[in-house]
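Asks: Give me a model of this one.
(one chain, ligands or ions: 2)
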Amino acid sequence: MNVDLVVAGSGFFGLTVAERCAAELGLRVLVLERRNHIGGNAYSEAEPETGIEIHRYGAHLFHTSNERVWEYAQRFTAFTGYQHRVYSTFKGRVYSLPINLGTICEYFGRAFTPDEARALVAEQAAEVAGREPRDLEEKAVSLIGRPLYEAFIRGYTAKQWQTDPRDLPPEIITRLPVRYTFDNRYFNDTHEGLPVDGYTAWLERMADHPNIEVRLETDFFDLRDEVVGRVPTVYTGPLDRYFGFAEGELGWRTLDFELEVKPTGDFQGTPVMNYADEDVPYTRIHEFRHFHPERSHYPADRTVIMREFSRFADRGDEPYYPINTPEDRDRLLRYRAMARGEDGVLFGGRLGTYKYLDMHMAIASALSMVDNRLRPHFTEGRPLTSGGMDVE
Ligand code: FAD
Ligand code: UDP
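Replies: Ligands and ions are numbered 1, 2, ... in the order given. The predicted model follows:
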């Protein structure tokens, strides 16, 4: 095989490694991709009937406070000024998320000052005051009080995780900010936007280098014997699969998406509507046209919506979110030890590290791998091993 580096997987992690190694280190890079398109889960395409850009593997919103990642991303795409905002429907009424002063005023049906709202929530969280929350329910109640928890979190979380919130770890909920202002931006990051001409155009520009060859519909494992031990490799597929599931399978949640073209120019007036009621089977509906209000070529009389359903993944399903039970964490430690023994192979990305990574985190982690492992290997002859596979 006449290349310097093989990268298994063409998601943001794999493409960042490939692009930097080709452009900066002058290496010949072969990217192997199992699917029939590049880009991993960030891939998007035009829905054929309407031309509206849809995200096949779930809606992707780009946001980062990492200046290096922001600068790097802008080499391949310009960004729109899109700012993400989410609403939630509960018992036929609509509220703004994440929980903010507006949500509190709407829910309790009167005006609150920030101090009044804080006092109310403290009173409604009294049942868990003074102790460390043991599970997601206690954590959420401590942050927003019992009534808001029951309305916006309990049903949604039960649907999303198919697990009672009292059996889930408290950390899951800390991702959601709670604000005592009317600010209802979903993300706190310095930079936010969507790629002006779509995710796939961005991803294609990353791969567009004379030193990079991408082979689609090619499973790394079909070429494994030609690669491992002969060509330095960056593997971004599932960690457990690499080792033949020797320590058992790592648990994932997957999503099912139901796409529908509706005969109206606007179905819900906003990009994402969450559904908090437990008897509504889906967790949220995306309406893709609203991600790009600046696109004048979208049809005025049709729109594309996508309902999202969540469930545990079986083998063969797309792995989306690591579940991270204590058993998963034990298995992960054993797989990491095996990975450290695999000379000439580095493991990275969401699947290769069994970590939920936002796009900016996947890019940042790939840039670190180039700095800390690949450049020292190719320029100074340092050995290529994955001691410390953690996201750096
Ligand atoms: P992936 O994108 O999963 O790419 C891995 C690639 O490897 C895939 O193309 C796969 O086909 C390929 N592969 C696997 N095994 C093999 C093999 N054996 N041989 C060859 N190829 C193989 N991030 C955000 O910043 N904002 C968001 O709003 C956001 N929303 C998300 C919504 C969902 C539902 C999901 C699942 C993720 C979301 N993300 C979001 C995260 C984003 O998708 C990841 O950051 C990104 O996918 C990480 O890139 P990656 O390269 O590590 O993995
Ligand atoms: N969550 C919720 N109600 C909502 C939105 C989120 O209860 O309307 C909870 C849910 O447990 C979810 C967590 O907050 O897993 C994180 O939410 P986020 O929107 O970050 O979820 P994602 O879909 O990105 O994992």
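Asks: can you tell me which residues contact G26?
Replies: By C-beta atoms under 8 Å, 6 or more residues apart in numbering, the residues touching G26 are N211. No exception for glycine: its C-beta is placed from N, CA and C like everyone else's.
Asks: please redo it, this time with the cut-off set to 10 Å
Replies: Counting by C-beta atoms under 10 Å, 6 or more residues apart in numbering, G26 touches 4, 211, 378.
Asks: ditto for I54
Replies: 44-48, 257, 259, 286, 288-289, 291, 304-306.
Asks: Restrict the residues you listed to those that also contact ligand 2, please.
Replies: Applying C-beta under 6 Å from any ligand atom to these, one finds that nothing falls near ligand 2.
Asks: what about burial for these, which qualify?
Replies: For those, a burial check counting by 16 or more other C-beta atoms under 10 Å picks out 44, 47, 257, 286, 288-289, 291, 304-306.
Asks: quick one: which of those is nearest ligand 1?
Replies: The closest of the buried ones among the contacts of I54 to ligand 1 turns out to be F257 (C-beta to the nearest ligand atom; 8.9 Å).
Asks: G251: neighbouring residues, count only.
Replies: Residues within reach of G251, counting by other C-beta atoms under 10 Å, total 18.
Asks: Now tabulate the contacts of I54 in CSV and tack on secondary structure.
Replies: Converted to CSV, these look like this (DSSP: H, G, I helix; E, B strand; the rest coil):
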residue, secondary structure
S44, strand
E45, strand
A46, strand
E47, coil
P48, coil
F257, strand
L259, strand
H286, strand
F288, helix
R289, helix
F291, helix
V304, strand
I305, strand
M306, strand
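Asks: Dump the residues you listed to a markdown table, plus distance to ligand 1 and pLDDT.
Replies: Supplementary listing: the contacts of I54 in a markdown table, determined by distance: C-beta to the nearest ligand atom, whole Å; pLDDT from 0 to 100:
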| residue | distance to ligand 1 | pLDDT |
| --- | --- | --- |
| S44 | 11 | 98 |
| E45 | 14 | 98 |
| A46 | 19 | 98 |
| E47 | 18 | 98 |
| P48 | 22 | 97 |
| F257 | 9 | 98 |
| L259 | 14 | 98 |
| H286 | 10 | 98 |
| F288 | 13 | 98 |
| R289 | 17 | 98 |
| F291 | 11 | 98 |
| V304 | 17 | 98 |
| I305 | 16 | 98 |
| M306 | 11 | 98 |
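Asks: From these, pick the one nearest ligand 2.
Replies: For the contacts of I54, the nearest to ligand 2 is H286 (11.2 Å; C-beta to the nearest ligand atom).
Asks: Next, work out how far apart that closest one and D301 are.
Replies: 19 Å (C-beta to C-beta, to the nearest Å).
Asks: which of the buried ones among the contacts of I54 sit farthest apart?
Replies: Greatest spacing in these, by C-beta to C-beta: F257 and R289 (16.5 Å).
Asks: buried set for the helix or strand encompassing L255?
Replies: If you go by DSSP states H and E, L255 is part of strand 252-262. Buried residues in strand 252-262, counted by 16+ other C-beta under 10 Å: 252-255, 257.
Asks: distance between the ends of stretch 280-299?
Replies: 29 Å (C-alpha to C-alpha, to the nearest Å).
Asks: can you check stretch 25-39 too?
Replies: 22 Å.
Asks: Then stretch 173-186?
Replies: 14 Å.
Asks: ditto for stretch 339-350
Replies: 15 Å.
Asks: And ligand 1, is it touching that?
Replies: Yes. Against ligand 1, stretch 339-350 shows contacts by C-beta under 6 Å from any ligand atom at 349-350.
Asks: Pull out the buried residues from that stretch.
Replies: Buried residues in stretch 339-350 (16+ other C-beta under 10 Å): 339, 342, 344-350.
Asks: ok, and does it reach over to ligand 2?
Replies: No. Contact between stretch 339-350 and ligand 2 is absent, the nearest approach being 12.8 Å (criterion: C-beta under 6 Å from any ligand atom).
Asks: can you give me phi and psi for the closest residue to ligand 2 within the stretch 1-150 of the chain?
Replies: With C-beta to the nearest ligand atom as the measure, S88 is the residue of the stretch 1-150 of the chain nearest to ligand 2, at 4.8 Å. With angles defined as degrees, to the nearest 10, S88 sits at phi -130, psi 130.
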